[in-house]
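J.: Pasting a predicted model and its sequence here:
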Amino acid sequence: IQKAARGGAAREVADWAMTLPVRQETTELFHRAVEIFLAGNLEAAGRWLNELPDGVWRDRAYAEFSQAALNVHNNSRASRWALNRIGDRDFKSEAEDWRAQWEKRTGWTSK
């Protein structure tokens, strides 16, 4: 999947990931399938995210976008934009923890 995404089909792989059944065993596959597309171009990825239907995969895609914004683009504002759109409170808390780990690791503080 990641080979196809790196080979120019990142959007197609991300679209395919949205069709996966929501199950515990498909969660990691989903994250790996969307990460290359979401990290490639934050603007295009943001437009794609806005088109997704509400639900588990949309929330997870926003979390993955947040991670890409931080770890690939060092863009805390884009990360915050994505985290604010996660609907599931429990999962949002988990994604916020990922951001807190990044902040601690990088020494980032909000101004």
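T.: Alright, I've got the coordinates.
J.: From the centroid of this protein, which residue is nearest?
T.: Centroid-nearest residue in the chain, with CA atoms, centre = their mean: Glu64, separated by 1.8 Å.
J.: which phi and psi does it have?
T.: Dihedral angles of Glu64 (phi, psi; degrees, to the nearest 10) stand at phi -70, psi -40.
J.: Wait, it touches Ile36, no?
T.: No: contact criterion CB atoms under 8 Å: Glu64 and Ile36 do not qualify, at 10.1 Å. (Glycine included, C-beta is placed from N, CA and C.)
J.: Give the full set of residues in contact with Arg80.
T.: Arg80 makes contacts with Ser66, as judged by CB atoms under 8 Å, 6 or more residues apart in numbering.
J.: sorry, back to before: so what pLDDT did the residue nearest to the centre of the chain get?
T.: Glu64 is assigned 97 on the pLDDT scale.
J.: Check Lys111 too.
T.: On pLDDT, Lys111 comes in at 54.
J.: What lies in contact with the helix or strand in which Ala61 is found?
T.: According to DSSP states H and E, Ala61 maps onto helix 56-71. Applying CB under 8 Å, 6+ apart, the external contacts of helix 56-71 come out as 14, 17-18, 20, 22, 27, 30-31, 34-35, 38-39, 42, 45-46, 49, 52, 75-80, 82-83, 85-88, 91-92, 94-95, 98-99, 102.
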